[in-house]
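J.: build me a model:
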Amino acid sequence: MRATFHLKTLAVAIAALSVASAASAAGLDRSGQDVTAFLQDGTYAEAVYTYIDADVTGEDKSDERNKIDDIAESYDFFRYGVKADINDTFSVGVLYDEPFGAAADYTGDNNFVNANGEGTNVEVRTESITGILGAKFGQNKNFQVYGGPVAQRVKADVKLRGPAYEAANGYTTNINADQDYGYIAGVAYSKPEIALKASLTYRSEIEHNAQASEIYPVVGSGLIPASVVSALGLSTNRVDSIEITTPESVNFDFQTGINPTTLATAKVRWVPWSDFAIVPSLYNDVSKISTQDDKGLALVSYDDDQWQVELGLAKRVAPALAISGTVGWDSGAGNPVTSLGPIEGYYSAGLGAKYNVTENWAISAGGKYLWFGDAKGQIPTKTIVSDFESNDGFVLGVKVSYQAQ
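T.: Numbering: from 1, shown residues only. The predicted model follows:
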């Protein structure tokens, strides 16, 4: 008798524990921009909650080598997805996630805290809503193309404090929430008889034109000659437009049944963080003085692109219960890296489970442990100001899903 692969009960919804990027492991990547909710069979809906807690400690590069206590603030976010078939050819879906972000806070007695006890702090948040229309084709409707618009909002707050930032000690910028648009496009292939699904998804970059409010105390401190301040039109405060382009990305998702109760999965993600930069105008103008370069400096930038790989294995152990495990690797976005996110990628291991409460409703839960790569923190001048070693973190995820054929 031919073996049957029960995809609905076998697929363990590994995305519940597969939080693709955590604690700024590569650039500002967070959610991994997962689209597998749209590729489910029939009518499907999910709600996913993810909690990230990292321990990122180190020491500054002063003569005293002062200890830097944990700078990584705990971070959580939601992801939602709904999908429905119009007929046997066309499908529609809507996805919500929070793809990029950062949350770091320096405290204690080190070169990232000023004389008044104020520490360096950064918080970046984004939200995205993606609309997708898919069309199946081929003799058995095995192939599908899909695409649609993406609306994205971004906001950020950065405070640089302490002697590590030299003349930028005291600099503050607030980037107001801005919404702009991009698109998604992809192709998928499925072979239900062996629970095989493969998809390749491209997301475009999105260019944001926001308002940045900057405060730069050094401009009014007398350290910059008054003639230079006047000639360049500098001031301690400035409100100006800023362009922030969130990066494009490519995701490859694959799964196949090994036997009727076992599923193998693979995920690969690429993000060109080397093209990303945050360049507030006042910060940039002041940096042109110190660098003697008309280009100036970016407040945040990265040297390398991100590559991420995750492999998983899921096993149905009872009619309504499946368990899974994953191992993963993230390349990071270069080393040395910005002092606002001093991690060079990670290795990870995760476990999860999915329980079918009813024929249509299921709950999934999982966790991942992450071993972060050692990193040297640098300021925009490329001066190395800190060392971070032997750090780790964990991720917890819970998913509630509904599926009807």
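
J.: what about the residue nearest to Ala375 when sequence neighbours are not counted, neighbour count?
T.: Once flanking residues are discounted, Ala375 sits nearest to Glu344: 4.2 Å by CB to CB, 6 or more residues apart in numbering. Using the backbone N, CA and C atoms, a C-beta is placed for each residue, glycine as well. Glu344 has 21 neighbouring residues, counting by other CB atoms under 10 Å.

J.: a helix runs through Glu344, doesn't it?
T.: No - according to DSSP: H, G, I helix; E, B strand; the rest coil, the state of Glu344 is coil, so it is not within a helix.

J.: ok now do it, which residues does it touch?
T.: Glu344 sits next to 332, 334-335, 337, 372-375 when contact means CB atoms under 8 Å, 6 or more residues apart in numbering.

J.: how about a cut-off of 10 Å?
T.: Residues touching Glu344, when contacts are defined by CB atoms under 10 Å, 6 or more residues apart in numbering, comprise 25-26, 304, 330-337, 372-376, 388.

J.: do the same with Gln144
T.: Residues in contact with Gln144, defined by CB under 10 Å, 6+ apart, are 38-39, 89-91, 134-138, 186-190, 197, 199.

J.: show the end-to-end separation of stretch 111-123, please.
T.: In terms of CA to CA, to the nearest Å, the two terminal residues of stretch 111-123 are separated by 20 Å.

J.: picking that back up, can I get the buried part of the contacts of Gln144 as one ChimeraX selection?
T.: Command for ChimeraX, covering only those of the contacts of Gln144 found buried under the criterion 16 or more other CB atoms under 10 Å:
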select :38,39,91,134,136,186,188,190,197,199
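
J.: which parts of the stretch 51-200 of the chain are strands?
T.: Counting by DSSP state E, counting those that start in this stretch, the stretch 51-200 of the chain has strands at residues 58-60, 67-68, 75-85, 90-97, 101-105, 121-137, 143-159, 172-191, 196-203.

J.: quick one, helices of the stretch 251-400 of the chain?
T.: In the stretch 251-400 of the chain, helices defined by DSSP state H, counting those that start in this stretch lie at 281-291, listed in chain order.

J.: relative to Val300, how far out is the residue lying closest to Asp304 once chain neighbours are set aside?
T.: What sits nearest to Asp304 in space, not counting adjacent residues and going by CB to CB, 6+ apart, is Gly334, at 3.9 Å. If you measure Gly334 against Val300 using CB to CB, to the nearest Å, the figure is 12 Å.

J.: Ile184 is in contact with Leu200, correct?
T.: No - applying CB atoms under 10 Å, one finds Leu200 not in contact with Ile184, separated by 11.6 Å.

J.: shared neighbours, those two?
T.: Taking CB under 10 Å, 6+ apart as the criterion, Leu200 and Ile184 both touch Asn251.

J.: those two: which is more packed in?
T.: Each of Leu200 and Ile184 had its neighbours counted (other CB under 10 Å), and the higher figure belongs to Ile184 (23 against 15).

J.: residue contacts, the closest residue in space to the more buried one that isn't next to it in sequence?
T.: Of all residues beyond its chain neighbours, the one nearest Ile184 is Arg203 (5.2 Å), with distances taken as CB to CB, 6+ apart. Under the criterion of CB under 10 Å, 6+ apart, the contact list for Arg203 reads 33, 35, 99, 128, 130, 150, 152, 182-186, 246-251, 271.

J.: on that earlier part again, which neighbours do Gly334 and Val300 share?
T.: With CB under 10 Å, 6+ apart, Gly334 and Val300 have common neighbours Gly27.

J.: report pLDDT for the residue nearest to Ala375.
T.: You'll see Glu344 listed with a pLDDT of 86.

J.: do the one 10 residues further on as well
T.: Looking at Lys354, its pLDDT reads 88.

J.: what's across from it in the sheet?
T.: Bridge pairing for Lys354 (DSSP bridges) gives the partners Ala322, Ser364.

J.: please report the distance of it from Asn237.
T.: 53 Å.

J.: higher neighbour count, the two?
T.: Regarding Lys354 and Asn237, a neighbour count based on other CB under 10 Å identifies Lys354 as having more, with 26 against 13.

J.: any idea which helix or strand of this protein has the worst average confidence?
T.: Across the helices and strands of the chain, mean pLDDT, DSSP states H and E gives its lowest value to helix 7-10, namely a mean of 48.

J.: wait, Tyr347 sits on Thr326?
T.: No - using CB under 10 Å, Tyr347 is not in contact with Thr326; the gap is 11.4 Å.

J.: quick one: which of the two has more around it?
T.: Neighbours per residue (other CB under 10 Å) separate Tyr347 from Thr326, with Thr326 holding more: 22 against 14.

J.: look up the residues forming beta bridges with that one.
T.: Under the criterion used here (DSSP bridges), Thr326 is bridged to Gly312, Gly350.

J.: need the contact list for it.
T.: For Thr326, the contact set (CB under 10 Å, 6+ apart) comprises 14, 17-18, 265-267, 310-314, 348-352, 366, 368.

J.: one more: Lys67?
T.: For Lys67, the contacting residues are 57-60, 108-110, by CB under 10 Å, 6+ apart.

J.: from those residues, list just the buried residues.
T.: Buried, going by 16+ other CB under 10 Å: 58-60, 110, out of the contacts of Lys67.

J.: burial measure for Asp157, as a count.
T.: What Asp157 shows, counting by other CB under 10 Å, is a neighbour count of 14.

J.: surely Val187 is in contact with Gly147?
T.: Yes - shown here, Val187 and Gly147 form a contact pair, counting by CB under 10 Å, at 9.5 Å.

J.: which neighbours do these two share?
T.: Taking CB under 10 Å, 6+ apart as the contact definition, Val187 and Gly147 share the neighbouring residues 134, 201-202.
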